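S.K.: please find the sequence and the predicted model below.
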Amino acid sequence: MKGWGWVALGSALGGGLRFVLGDFLARLWMTAFPWPTLFINAAGALLIGLLAALTHHPSGRSISPPLRLFTMIGFCGGFTTFSLFSLESLELLRSVPAMGILYMILTGVICLIAVWGGHVLGTWLSRD
């Protein structure tokens with residue numbers, strides 16, 4: 001399969017999981033604050049940090065290029081929802097500015113911590 005095929009397959013699966021999980025969390029939490037999107041973005045940040053650490057291991061061990069395309073570009077790209085985050089931020093800023101600012105700050109901080117945590121976990125899992 002060509003590289004674009006791996007990306008397309010990963011994107012379809014990541015996007016599908018994002019839809020199902022987002023819908024489930026929205027029904028579970030039932031709140032005006034977009035916690036489901038924040039949770040999904042943080043989970044995606046954790047996963048891509050983990051995969052990045054596993055991909056670039058100092059020992060030279062790495063996942064195959066097709067698996068990297070499938071997981072990091074395809075799945076994580078389809079799963080995370082930065083464009084939806086941007087739209088929700090704009091809508092919150094227009095309706096409840098303080099909530100919009102809080103949402104943007106929390107997303108930035110939590111996702112940065114999550115990607116760092118994923119990288120630390122990946123480094124730990126791939127140590128010799």
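M.R.: Thanks, I have the structure now.
S.K.: please, which helix or strand holds the most centrally placed residue in the chain?
M.R.: When the chain is reduced to its mean C-alpha position, the nearest residue by Cα atoms, centre = their mean turns out to be G44, at 1.9 Å. When secondary structure is defined by DSSP states H and E, G44 falls within helix 35-55.
S.K.: show me the contact partners of that helix.
M.R.: When contacts are taken as Cβ atoms under 8 Å, 6 or more residues apart in numbering, the neighbours of helix 35-55 outside the stretch itself are 18, 21-22, 25-26, 29, 62-63, 68, 71-72, 75-76, 79-82, 84-85, 88, 103, 106-107, 110-112, 114-123, 125-126. Yep, even glycine has a C-beta here, placed from its N, CA and C like the rest.
S.K.: what ranges in the protein fall below the confidence cut-off?
M.R.: Under the criterion of pLDDT under 70, the regions of the chain flagged as low confidence span 57-61.
S.K.: if we go to 80?
M.R.: Regions of the chain meeting the criterion pLDDT under 80 cover residues 55-63, 81, 128.
S.K.: remind me, longest helix of it?
M.R.: For the chain, the longest helix by residue count, based on DSSP state H, is helix 97-125.
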